[in-house]
Each structure stands twice: as structure tokens, then as C-alpha cells.
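Q: coords please:
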Amino acid sequence: AMGALRKVSLFTLWYVANVVYNDTNKTLLRGLRLPLTMASLQLGIGLLFIVPLWLSGLRAPPRLRPAQLRSLLVPALVHAAGQMVTVASLGTGSLGFVNAVKSAEPLSTAALGAFLFGDLLPWQVNACLLPICAGVALASSADLHAFNYECFVFAMLSNLFFSLRGVLTKRVLAASTPATALGPSNLLAVVTALAFLMTIPLALAVEGPTLEIEWTRALSTGKQPGLALLLHLLLSGASFHLYNEASFAALGLVHPLTHAVGNAAKRPLLVLYSVARGGATMRGTTVAGSGTAVGGLIMYALAKQLYDGPGKKGKSE
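A: Numbers count the residues shown, from 1 in each chain. From the prediction side, this is the model:
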């Protein structure tokens, strides 16, 4: 019972922090056309939470040998790439369009897990992914205005990178020992620090020459004063780190595919929030899509218990 309560609490925190992140991110991108810089700074802001915990002793720092640290370079690179293309997708398309495309993430997670590591759940479980993905896409379509090819490419790349990150980091967690102190939170911390170091040079190379111009232009619109922009940036970074903390902790408790399904399930909530915040009327597609996705989630939970539950060969949570 306590294990189930912990999972529910982590998924709830993940969803709430993610809504805040998407909202502040979209607000920033409307005025500040520096998606790569923002993506990198959001990674860096997470270190403001991580390093004090290590220095104060409230969280034991990881104890990694050079070879172990090198083994995290690929997950960190994938995390960095996923963060950059996600911010880019939000900067080029609507929230609904992004979430409609990203509804396919469970499918890419299932495919990558099976192709790279032979980790394939029973077909009855995988079949339940279809109504989940279809329902999320339908619910998100209420915010679609026109097909945006650039946004589509960025969002599809986000699916690929974050699916791969989930599969890779789950294997790191499974192989870690108490001696390394590399639990979900410290794994995220190390991956975040490495990703920040990887993204800063790229952001400066691509957007460095226009940083001052874009900042001045954002202030000249009068929509947000400089202090408000900075506060929004800090909030976006803080909520980004918080939702990833909850996400990584949840990944430590469930199968990567279950994690991807949970990630997809939050997308109708983001669309519902954007509709409520904008004062728009709820469309029938949003209600129908959300209901389809919820039905798919129930089917997924039941199928996983029946076909991949206790006593089943190859059981994985």
C-alpha cells in the first residue's frame, strides 16, 4: 500500500511541476527567442538545488570512478538533446500540437526497449498503448491550428531522445550499487550537470551573437519587465528540475514503458490547463480524447497485472 501511495505521489508531483514548466516555458518563448539558451540555463538552474544538498550533507554525493562517470556520458547527451529539441518544439508550435505529436512516446519507448535490449512486454500489454496514444492525440487536437513541420520534427526527436533516456537510465539504476550512492535523484543530478556542460557551448555558439539583441527586443515589447523575465526563467528551471526529480524517482519504481505511459497520460492535463487558462470553451474532442486515453490507461494497468504481474516470467514493474 505504501509503495502504491509513493508512486501516486511521485506521478502527481511530476504532473503538477510539468504543468508549471510548460506554462512558464511557453510564456518565456513568446517574448524571448532564445530556445537553446533557455534549454541550457534550465539545466543549469537545477544545479542550484543539487549542489547545496551535496555540500550540506542532506544528500550523499555520488561516489563514481572515472569509468563509471564516462558510462553516463551517453545518457547525459541524450538528456541534453531531448531538452533542447523539446524547448525548440514549444517555441515553434502550439502546446496542443506538441502534445499530440509527443503522445507517441510510449510507442517509441516500447520499440527502443525491444530493439536495443530485447525488453518486450506481452503483446496484450503493448496493444493497450494504441488507445492511450490515440486518445492523447485526439484530446490535444483541440489546440491544433495548422500542421507545423518544424515543430513536428522537434517533437518527434523529443520522443526519440526521452524514450532512449528512459531505457538507458533504467538500466543504470538497475546496475548501480549502494557504494556509488547513485539512486534516481543523484543519477538525475549527474546527468543534468553533464548535460549542462554539453549544451552551454552550443547555445553560446548559435545564440551568443544575438543574446543582447533578443533580450533588448523582449524588453522593448513591454509585455514583461526584465525582473519578470528573470523570475520566469528561474521558475521554469526550478519546475523543470522538480518534475525531473519526480520523474526519475518514478522511473526507479516502474518499467520504462509504464513510465512512458504515465508521461503520455499527463498530456491531456496540459491541454485542459491551456484551455482553462485561455478561457476557451471545452471541445468535444478534448473530452472524447481524454476519456479514450483514461480507458486505455485502465486497460494497460489490468493487462499488465494479468499478463506481466506476479509469477509471470520476466516480470517487471
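Q: Which residues are in contact with L235?
A: Shown in contact with L235 (CB atoms under 8 Å, 6 or more residues apart in numbering): V20, T24. (Glycine included, C-beta is placed from N, CA and C.)
Q: ok, 6 Å please
A: T24 (CB atoms under 6 Å, 6 or more residues apart in numbering).
Q: same question, E214
A: R33, L34.
Q: for R30, same thing?
A: Contacts for R30 (CB under 6 Å, 6+ apart) come out as none.
Q: Also V20?
A: Counting by CB under 6 Å, 6+ apart, V20 has contacts S239.
Q: and what of Y300?
A: C128, V261.
Q: Kindly report the same for the one 4 residues further on.
A: For K304, the contacting residues are V125, taking CB under 6 Å, 6+ apart as the criterion.
Q: For L257, see how far away it is.
A: 9 Å (CB to CB, to the nearest Å).
Q: How about S176?
A: With distances taken as CB to CB, S176 is found 21 Å from L257.
Q: Which one of these two is surrounded by more residues?
A: Ranked by neighbour count (other CB atoms under 10 Å), S176 and L257 place L257 first, with 29 against 19.
Q: host element of that one?
A: helix 256-265 (DSSP states H and E).
Q: all helices of the stretch 101-250 of the chain, in order?
A: Remark: helices assigned in the stretch 101-250 of the chain by DSSP state H, counting those that start in this stretch are 105-117, 123-127, 129-140, 149-175, 184-207, 211-220, 226-251.
Q: Let me see the mean pLDDT of the fourth one.
A: Per-residue pLDDT values over helix 149-175 give a mean of 87.
Q: hmm, back to that, L28 is nearest to which of the helices of the stretch 101-250 of the chain?
A: Closest to L28 of the helices of the stretch 101-250 of the chain, according to CB to CB: helix 226-251, at 5.2 Å.
Q: which parts of the closest one are buried?
A: 229, 232-233, 235-251 (16 or more other CB atoms under 10 Å).
Q: re earlier: ok, and what's touching the helix holding L257?
A: Here helix 256-265 makes contact (CB under 6 Å, 6+ apart) with 11, 103, 105-106, 109-110, 113, 132, 136, 166-167, 170, 251, 297, 300.
Q: For that helix, give the mean pLDDT please.
A: pLDDT averaged over helix 256-265 gives 75.
Q: Make 31 the first number, not 1, from now on.
A: Yes, from this point I'll number from 31; that puts the last item at helix 286-295.
Q: Would you mind listing the buried residues in that helix?
A: P286, L287, T288, H289, A290, V291, G292, N293, A294, A295.
Q: Which one of those residues is nearest to T116?
A: The closest of those, once distances to T116 are taken by CB to CB, is N293, at 11.8 Å.
Q: What separation is there between the closest one and L88?
A: N293 is 28 Å from L88, where distance means CB to CB.
Q: And A333, by the same measure?
A: 41 Å.
Q: between the two, who's got more neighbours?
A: More crowded of A333 and L88, by other CB under 10 Å: A333, with 19 against 8.
Q: average pLDDT for the longest helix seen in the chain?
A: Secondary structure of the chain per DSSP state H: the longest helix is helix 32-61. Helix 32-61 carries an average pLDDT of 87.
Q: cool, and stretch 235-247?
A: pLDDT averaged over stretch 235-247 gives 91.
Q: Now the terminal residues of it, how far apart.
A: 20 Å (CA to CA, to the nearest Å).
Q: any idea how far it is from the chain center?
A: Relative to the mean C-alpha coordinate of its chain, stretch 235-247 is positioned 27 Å out (CA atoms, centre = their mean, to the nearest Å).
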